[in-house]
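sequence and predicted model, in that order:
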Amino acid sequence: MDINFNKNEDHNKLQVSDLKQRLAKVKLGGGEKRIAKQHANGKMTARERINFLLDDPDKAIEIGAFVGDGMYKEHGGCPSGGVIVKIGHVKGKQCIVVANDATVKAGAWFPITAKKNLRAQEISIENKLPIIYLVDSAGVYLPMQDEIFPDKEHFGRIFRNNAIMSSMGITQIAAVMGSCVAGGAYLPIMSDEALIVDKTGSIFLAGSYLVKAAIGESVDNETLGGATTHCEISGVTDYKATDDRDALTRIKNIMDKMGDFTKAGFNRVAARKPTEAQEDIYGLLPRKRSDQYDMMEIIKRLVDGSEFEEYKAGYGQTIITGYARIDGWAVGIVANQRKVVKTKRGEMQFGGVIYSDSADKATRFIANCNQKKIPLVFLQDVTGFMVGSKSEHGGIIKDGAKMVNAVSNSVVPKFTVVMGNSYGAGNYAMCGKAYDPRLIFAWPSAELAVMSGNSAAKVLLQIETASLKKQGKEITPEVEKEIFDKIKNRYDEQVSPYYAAARLWTDAIIDPLDTRKWISTGIEAANHAPIEKDFNLGVIQV
């Protein structure tokens, strides 16, 4: 191993260490004192509930752990968006579990909480995956009600989705394990089956204080909407549980009786580990996002047996396409080649840039995968499409549009790994969030933006200095550097993978060594949903 490999390895391992430290902090939710209070009230925390429910918590993946990170500081923050979402197995059945974290503002819903819940339902709908809600929430966070209540993608959309999911035959089970008030009361009752925990769970449209203010009736919350009321008088809930563990055990028993599902039929054989050491990824991935490297070496460390059947190897070389297996699942891989390549004509092409021939190749390959019913995996490290007169005259816009068209109309499940750069239209063509990947997740090395911090700062610097000169101000080299550093620091914060994950532009930030697990889990989920439409590119420029 050379010195550069060792420096890369040290850098990337430090990034993974930082990731794990951040995750450990996030998992504390509202903090140790609030966790202790939850335990004192005889309740498990959201994460404890999920871990008790799942067959093997270590094999589960978490969606949106960093949601809300650094947001709502004036309101005390909202770790993980105040709700925990995981995909795992309950009694051998893969499902998605959504649990309100009552240690964060009593489980109140912030705007990002609604977005995360809708993402969980989207995953359930796309994959026809059973969903389990563990409800413990004070409802809408009132100081921000205008950002969560009335719009199409706000709080009310969740109940609309409950109804749509029911009509699709998607199993929904809800356990009321704490407060469930106002509009939030509809979620468990619009589920197929609802459980409630005695003495700690409650459901009502208005609590005792509001009832007193509205109609003058004096009644305690337990009588108003406790377990006995709803299991024996109103009939709103189906099961009364003695405590959290009893409720979760009953959910396991319900899941245990479920029948099998109609499969999509994606190809799977016995899994094999890569023959190349997966840990080498740390040394192969460069420290700087502008440095070149061979993406093929990364692919060999992600696929079964390190075997890759490359498609059109000598053509359009700044995108790698080919067939492989990941944890036994057959996949088609579309990856940005990050080293400078030389074409047959003797031309040099920059790594990470999409050229006309690369876009043309990728379009054809995506069509082939749709024809063969093979899930697609996109490995992103892209700076965008090639610019300049030669590219424009060669029809780069037309070829880029064809690739975007193919990605948009693809009917097989797509999975996107943001490994490095994800800039501009390259993000779109390589199946960014706007193009409906079943899962999209990032490595700590990822950057998502219109362009790199350095490039953006240079452009914005020109604009700002021109404006200052018009005002008659002198721009010395020192002043110019100060302006540049200020712009770049602000922009660098926004291109961070944590900034993206906080806003759910990606589903997670993961250790690169967990990539195979995430893709395998995603394809297993997608296998619940047979493909119901044909692949059609529509009208394209040829």
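Yep, that arrived.

helices of the stretch 301-450 of the chain, start to end?
Secondary structure of the stretch 301-450 of the chain (DSSP state H, counting those that start in this stretch): helices located at 356-372, 389-393, 396-409, 424-429.

in a markdown table: those, plus mean neighbour count.
All C-beta atoms are positioned from the backbone trio N, CA, C, and that covers glycine. Below are those laid out as a markdown table (neighbours: other C-beta atoms under 10 Å):
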| stretch | mean neighbour count |
| --- | --- |
| helix 356-372 | 21 |
| helix 389-393 | 11 |
| helix 396-409 | 20 |
| helix 424-429 | 22 |
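
format the ones you listed as CSV; extra columns: mean pLDDT and distance to residue 481.
Shown next, in CSV, are those (pLDDT from 0 to 100; distance: least, C-beta to C-beta, whole Å):
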stretch, mean pLDDT, distance to residue 481
helix 356-372, 96, 37
helix 389-393, 78, 33
helix 396-409, 93, 35
helix 424-429, 93, 26
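
quick one: which of these is nearest residue 221?
helix 424-429 (48.5 Å; C-beta to C-beta).

circling back to that earlier point, any chance of JSON lines for the helices of the stretch 301-450 of the chain, columns distance to residue 124?
Formatted as JSON lines, the helices of the stretch 301-450 of the chain follow (distance: least, C-beta to C-beta, whole Å):
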{"stretch": "helix 356-372", "distance to residue 124": "24"}
{"stretch": "helix 389-393", "distance to residue 124": "42"}
{"stretch": "helix 396-409", "distance to residue 124": "22"}
{"stretch": "helix 424-429", "distance to residue 124": "25"}
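
and residue 15, which of those helices is closest to it?
For the helices of the stretch 301-450 of the chain, proximity to residue 15 was assessed by C-beta to C-beta; helix 424-429 is nearest, at 20.9 Å.

who are the packing partners of the closest one?
strand 376-382, strand 384-385, helix 396-409 (3 or more C-beta pairs under 8 Å, 6 or more residues apart in numbering; DSSP states H and E).

quick one: buried residues of stretch 513-527?
515-527 (16 or more other C-beta atoms under 10 Å).

same check, this time on stretch 152-164
Here stretch 152-164 shows 154-159, 161-162 as buried, counting by 16+ other C-beta under 10 Å.

which of these lies closest to residue 24?
residue 158 (29.6 Å).

quick one, what contacts the closest residue to the closest one other than its chain neighbours?
Nearest non-adjacent residue to residue 158, counting by C-beta to C-beta, 6 or more residues apart in numbering: residue 117, 5.6 Å away. Residue 117 makes contacts with 83, 85, 98, 109, 158, as judged by C-beta atoms under 8 Å, 6 or more residues apart in numbering.

out of the residues you listed, who has the most neighbours?
Neighbour counts for the contacts of residue 117, by other C-beta atoms under 10 Å, peak at residue 109, which reaches 30 neighbours.

from the buried residues of stretch 513-527, which is closest to residue 505?
When these are compared against residue 505 (criterion: C-beta to C-beta), the nearest one is residue 518, at 16.3 Å.

state the helix or strand in which that closest one lies.
Taking DSSP states H and E as the criterion, the element that holds residue 518 is helix 515-526.
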